[in-house]
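>>> Predicted model and sequence below, questions to follow.
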Amino acid sequence: MSCNFGEKVKITIFGQSHSEAIGVVIDGLPAGKKLDMDKISEFMSRRAPGRNNISTSRKEADKPEIISGVVDGVTCGAPLCAVIKNGDTRSKDYENLRTVPRPAHSDFAAFFKHNGFNDIRGGGNFSGRMTAPLCFAGAVCMQFLQDDGIEIGAHIEKIAGVSDKRFDPVNVDFASVKGKAFPVIDDSRGEEMCRKIEEAKLDADSVGGVIECAVTGLPVGLGEPMFDGVENVISQAVFAIPAVKGIEFGSGFDGAEMKGSENNDAFSCVDGKFVTDTNNHGGILGGITSGMPVIFRVAMKPTPSIGKVQKSVNLITREDEDVCVHGRHDPCVVPRAVPCVEAAAAIAIMNLR
């Protein structure tokens, strides 16, 4: 099933953007872990809508209600089920999209996939709203990973052509972005990104960008060659986030322009520990962790729902027809997607251990 992920820790996400609720079932968590719900709520608030003038004005509390799997705040070994109620919905805003799909949105493909019975309200189960339960699952997984010294963090690497500094790939410093409302390393670059987003919003348009994520504290040897490599598993989880259109690890596509002598990472032994002097391999060799930080970057397209009149077609009459998108949408999904990328990475790593 497309809404399931994982073998060791199985994640099932359910609901739609405008259904009564959305949620997640997490099966395979070890028993005996006391969950810090304050930290989970804090993590989910980073993704929540309506926090500032550069995100959608839709307001949702995103408060998870745990139905099963926890007793007195401690995991008990049963599947953990959490439900998040939907509240601030305006389904009427989507009526004109039932037969006239938004360009670059799932509307067109979903119509034919489900014979016209797809839930068009807010994008249904194709909506970015579905990353709320993804973030809950990721926040839970992070608490297990942190017990083993594994840390995950991400920042905005680029928006509308404005680039932030990148993490030091050998000595990752999460403190440079932790706790920031707009997670960038260089705040002056962040201010410029915000201006680009506001300009797009005023022009009834949208912009995309890139998120960089790092995972530290991983031991050597996680992952398998071929189809179950670390890149494979992380990529599958990350592509659950709507708007993701690409991913690269380490030097990525820049590495394709280098010589082997430039891209290769020399090995060293420091204080009895094997390390590499550089980290162009992004912490992964042959699909297996090398012990260096895992570094990857995710490309996110501009939000397809924009206020400009766009050319489309009527799926019933088969005639050309213009479409104007109503409703509330992010002029840039990148800032709210940062915790989503961290969550996807956490879920993936839980299934690699």
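Structure received.

>>> Which stretches in the stretch 151-300 of the chain count as strands?
151-159, 162-163, 209-216, 244-249, 267-270, 273-276, 284-285, 288-289, 294-300 (DSSP state E, counting those that start in this stretch).

>>> mean confidence score for the first one?
The reference is to strand 151-159. Averaging pLDDT along strand 151-159 yields 98.

>>> Spell out which strands sit alongside it in the sheet and which way each one runs.
Using DSSP bridges, the strands paired with strand 151-159 are strand 162-163 (antiparallel), strand 209-216 (antiparallel).

>>> So which residues of the stretch 101-250 of the chain form helices?
Using DSSP state H, counting those that start in this stretch, the helices of the stretch 101-250 of the chain run over 107-113, 131-147, 187-202, 230-238.

>>> Redo the strands of the stretch 151-300 of the chain as JSON lines? Include mean neighbour count and distance to residue 106.
Any C-beta I mention is one placed from the backbone N, CA and C, and that applies to glycine too. Below are the strands of the stretch 151-300 of the chain laid out as JSON lines (neighbours: other CB atoms under 10 Å; distance: least, CB to CB, whole Å):
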{"stretch": "strand 151-159", "mean neighbour count": "23", "distance to residue 106": "23"}
{"stretch": "strand 162-163", "mean neighbour count": "18", "distance to residue 106": "28"}
{"stretch": "strand 209-216", "mean neighbour count": "24", "distance to residue 106": "20"}
{"stretch": "strand 244-249", "mean neighbour count": "17", "distance to residue 106": "13"}
{"stretch": "strand 267-270", "mean neighbour count": "9", "distance to residue 106": "45"}
{"stretch": "strand 273-276", "mean neighbour count": "14", "distance to residue 106": "40"}
{"stretch": "strand 284-285", "mean neighbour count": "20", "distance to residue 106": "30"}
{"stretch": "strand 288-289", "mean neighbour count": "18", "distance to residue 106": "34"}
{"stretch": "strand 294-300", "mean neighbour count": "25", "distance to residue 106": "15"}
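
>>> With distance to residue 181 as added columns, please give those strands in JSON lines.
As requested, the strands of the stretch 151-300 of the chain are exported to JSON lines (distance: least, CB to CB, whole Å):
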{"stretch": "strand 151-159", "distance to residue 181": "12"}
{"stretch": "strand 162-163", "distance to residue 181": "17"}
{"stretch": "strand 209-216", "distance to residue 181": "16"}
{"stretch": "strand 244-249", "distance to residue 181": "23"}
{"stretch": "strand 267-270", "distance to residue 181": "36"}
{"stretch": "strand 273-276", "distance to residue 181": "34"}
{"stretch": "strand 284-285", "distance to residue 181": "31"}
{"stretch": "strand 288-289", "distance to residue 181": "32"}
{"stretch": "strand 294-300", "distance to residue 181": "19"}
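
>>> the bottom helix or strand of the protein by mean pLDDT?
When each helix and strand of the chain is scored by mean pLDDT, DSSP states H and E, helix 107-113 comes last, with a mean of 87.

>>> hmm, who's touching it?
97, 99, 101, 118, 120, 123, 124, 126, 315 (CB atoms under 8 Å, 6 or more residues apart in numbering).

>>> Could you rerun that using 10 Å?
Where contact means CB atoms under 10 Å, 6 or more residues apart in numbering, the residues beyond helix 107-113 that reach it are 94, 97-102, 106, 116-120, 123-126, 304-305, 312-313, 315-316, 323.
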